[in-house]
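Engineer: here is a sequence with its predicted model. Questions after.
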Protein chains: 2
Amino acid sequence: MFKTLSPEWLDDLAVRRKNLQAALSVQRADGVLVAHPVNLLYLTGRVYCGWLYLPVEGSPRYFVRRPNDLTGEGVFQVRKPEQIPEMLQAEGLPLPKTVLLENQELTYWDWMRLSALFPGAEVVDGSSLLRQARAVKSAGELSLMRRTGSRQASLIDQFASVYEPGMTDQAWMIEIFRLMMQGGSLGHLRVSGSTMETFIGCILAGPNGAAPSPYDYALGGCGLSPALPVGQAGIRMEPGMSVMVDVPGNFYGYLTDCSRTFSIGPLPERAYAAHRVSIAIERAIAEAGKPGTPCVALYEMALEMAAQAGLADCFMGTRQKAQFVGHGTGLVINEWPVLGARSTHRLEAGMCVAVEPKFVIEGVGPVGVEDTFVVTPDGMRNITPCDPAIRKL
Amino acid sequence: MFKTLSPEWLDDLAVRRKNLQAALSVQRADGVLVAHPVNLLYLTGRVYCGWLYLPVEGSPRYFVRRPNDLTGEGVFQVRKPEQIPEMLQAEGLPLPKTVLLENQELTYWDWMRLSALFPGAEVVDGSSLLRQARAVKSAGELSLMRRTGSRQASLIDQFASVYEPGMTDQAWMIEIFRLMMQGGSLGHLRVSGSTMETFIGCILAGPNGAAPSPYDYALGGCGLSPALPVGQAGIRMEPGMSVMVDVPGNFYGYLTDCSRTFSIGPLPERAYAAHRVSIAIERAIAEAGKPGTPCVALYEMALEMAAQAGLADCFMGTRQKAQFVGHGTGLVINEWPVLGARSTHRLEAGMCVAVEPKFVIEGVGPVGVEDTFVVTPDGMRNITPCDPAIRKL
């Protein structure tokens, strides 16, 4: 189905579904019913309103409420999910005795409705399985991630060109948005979890770097309004401030994450020193990270390096500290794995991980770098290559 | 709590909570536990990561995971929801025997976790009650809605100034985004429902007006990528095309909806004729709508007027038709009520309703208007006043 997708991409999607079917088989599940836009995009190559039923063996069935012009093999236009069981049976497919649903994404109402489609079936959580699948990118996804990272990095090199002295953080952000979108960004960023929100990224200038955030970002910012407490605060960027720009790239639906630090004029030496520690931590993680490396070990190494530099107090925030130094990225921010204190993940080849050791320097602002890395059999490769130094505005 | 909020706004929030407590009492519920950002914003005036417990009588308790600097009466910093029952008991509050949860917003996992906090309690769906509460705006909310509508309308009058011949729909949208954000828009639009997505609004040029969408918008557009199938298609705006610009205003967290139609040069007369019918339908709805009016009657009147004009085939889409002509708006798009075929809502004073009778003209594009109205005891008042005519670019 989905005529706008290339043959190569359709093949890539088939590989992802095949891998998921293998995982279903291990779990002795008969199938998975998928409803969440992110998982539909991952498994079908596009967002639609409806459901995907993937049996443990055989071809997928696409149940589509909207749009009404999707056609092709295995596509069924439906009005409601209650039509699914009879359609499966008409296809000669047995109804599942064990079925996976997205327990961590479906609302309670939707879960009740979907679980009632297969009376007597055991319903098992499929969210973790899908998240694990999404964490390890396919060949096609890796290619898009690399292209995304490259485009994002080259746009970051243009951010200074749209800065003007006296700007507020928000005024600069507006010009950065424009650059990103002129450069092909789709804008909208998908976030994971029902309590995460963002717009297109954020700029944290000076004291706003330390603002405790309701969201689970490395540094959040207080935002322009209590109605959207994230990112820019509407403050004038003054000489002596550092400014962290964290605007993910999204050109094909996949997200890379890369932050760079700017300064309004020169900064105190302690800011540069902390920035060098950030670069060193990022490099150390990239050198230590191999398939099989426990993610918690990378986090602990980062904590240790920050402490050795005498910067434990301002690592990953001051008044409120993030409990991680990196996170997976892909269709959403954040994907698995987490490089955090309680992480049980290990790195695997094909994972894409944003590493963001950041400091908040009292009286200056946030410093540090963030880059997205692909985990390869030989180690971690930076796919957002651009100058990591603090860029003077 | 929440030191950044004005005394007037805190009073307004107290009125909203009082009204919700009255509704809890009618339902014989002992309290509601709220987790969704939109409902937290509605009841506390800001987004935080955590929960609000509102007992049927007495003062609210705010359980906050992040940010860690919220303080004040009734605020408790917590790490996890399992701390809530003991904290309530320490406050001398009885644990609820009947408790409302957001069954339509909470994920299945979160619902299971929260419902386990009160063993033996009956858990009742609170989502509809909260949605009904949000539908009828408080005095403070109405004031913000009016200010939002006024700001949005005056920005729409500037859209033509950033158009240049030969632009793509996306290139114009980027300039419109910039204008909106320079004019104070927060950008991010909250949508209702786990399968709705958007960015900051959309521009539908020419044939893209007819594109069937996965989302439940009046007209959706096919988007720039199957990864985000909504809005602009990246097509060049050519003479003879109509272009619908539908970019909600969001300056304080509240959304007003206003669409206007532009044309690249002159359009065929049938496009202007359909546009006049759209204006007439909007006016007829605004004149007919009073507190107590069944919303389905307004929808049926719109269908009837479109049919009488010989335009039934292209009303609310062609290849795929939206089943509504208007929707509530406020903290999210869409709020209640729905002016649709299966709506059971009646208008109430204080509701804010976007009315959007739109047509898609073969070979031209989308035409029509959308405005946001406040329902008053005397009828519907337009709060997005600007010239409804097709604006020639």
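Structural biologist: Happy to help now that I have it.

Engineer: how about the nearest residue to A:Cys386, chain neighbours excluded?
Structural biologist: Using CB to CB, 6 or more residues apart in numbering or on different chains and skipping residues adjacent in sequence, the residue nearest A:Cys386 is A:Ala153, 4.0 Å away. No exception for glycine: its C-beta is placed from N, CA and C like everyone else's.

Engineer: show me the contacts for that neighbour.
Structural biologist: A:Cys258, A:Thr384, A:Pro385, A:Cys386 (CB atoms under 8 Å, 6 or more residues apart in numbering or on different chains).

Engineer: farthest-separated two in the residues you listed?
Structural biologist: Based on CB to CB, the longest span within the contacts of A:Ala153 runs between A:Cys258 and A:Pro385 and measures 9.1 Å.

Engineer: give me the pLDDT value at the spatially most central residue of chain A.
Structural biologist: Compute the mean C-alpha point of chain A, and by CA atoms, centre = their mean the closest residue is A:Ile333, 2.2 Å away. What the model reports for A:Ile333 is a pLDDT of 93.

Engineer: same check on A:Phe2?
Structural biologist: pLDDT recorded at A:Phe2 is 54.

Engineer: and for A:Cys258 and A:Pro385, which residues touch both?
Structural biologist: A:Gly149, A:Ala153, A:Asp371.

Engineer: report the secondary structure state of the second one.
Structural biologist: Assigned with DSSP: H, G, I helix; E, B strand; the rest coil, A:Ala153 falls in the helix class.

Engineer: how close does it get to chain B?
Structural biologist: Going from A:Ala153 to chain B by CB to the nearest CB, to the nearest Å gives 20 Å.

Engineer: what strand or helix carries A:Gly253?
Structural biologist: For A:Gly253, there is no host helix or strand (DSSP states H and E).

Engineer: right, and it touches B:Gly223 too?
Structural biologist: No - assessed by CB atoms under 8 Å, A:Gly253 is found out of contact with B:Gly223, at 10.4 Å.

Engineer: nearest residue to A:Asn334 in space, ignoring adjacent ones along the chain?
Structural biologist: Closest to A:Asn334 by CB to CB, 6+ apart is A:His327, at 3.8 Å.

Engineer: and if you look at A:Ser343?
Structural biologist: Spatially, and ignoring its direct neighbours in sequence, A:Ser343 is nearest to A:Cys295 (4.3 Å; CB to CB, 6+ apart).

Engineer: gap between that neighbour and B:Ala133?
Structural biologist: Distance, A:Cys295 to B:Ala133, by CB to CB, to the nearest Å: 43 Å.

Engineer: which of these two has more neighbours?
Structural biologist: For A:Cys295 versus B:Ala133, neighbours defined as other CB atoms under 10 Å in any protein chain shown are more numerous around A:Cys295 (26 against 21).

Engineer: in this structure A:Val34 contacts A:Val99, no?
Structural biologist: No - counting by CB under 8 Å, A:Val99 is not a contact partner of A:Val34; they are 10.9 Å apart.

Engineer: please identify which of these two sits among more neighbours.
Structural biologist: Comparing A:Val34 with A:Val99 by other CB under 10 Å, the one with more neighbours is A:Val34, at 26 against 23.

Engineer: which residues does that one bridge with?
Structural biologist: Per DSSP bridges, the residues bridged to A:Val34 are A:Leu52.

Engineer: now do the same contact list for it.
Structural biologist: Per CB under 8 Å, 6+ apart, neighbours of A:Val34: A:Leu40, A:Leu43, A:Trp51, A:Leu52, A:Tyr53, A:Leu54, A:Glu102, A:Gly126, A:Leu130.

Engineer: could you check how far A:Pro37 is from chain B?
Structural biologist: In terms of CB to the nearest CB, A:Pro37 sits 6 Å off from chain B.

Engineer: got the residues of the stretch 201-350 of chain A near chain B?
Structural biologist: Within reach of chain B by CB under 8 Å from any CB of the partner chain, the stretch 201-350 of chain A has these residues: A:211-216, A:220, A:224-229, A:252-254, A:319-320.

Engineer: let's see it at 10 Å
Structural biologist: Contact residues, the stretch 201-350 of chain A versus chain B (CB under 10 Å from any CB of the partner chain): A:211-216, A:220, A:222-232, A:234, A:250-254, A:317, A:319-321, A:331.

Engineer: could you flag which of these are buried?
Structural biologist: The neighbour-count criterion (16 or more other CB atoms under 10 Å in any protein chain shown) marks A:211-216, A:220, A:222-232, A:250-254, A:317, A:320-321, A:331 among these as buried.
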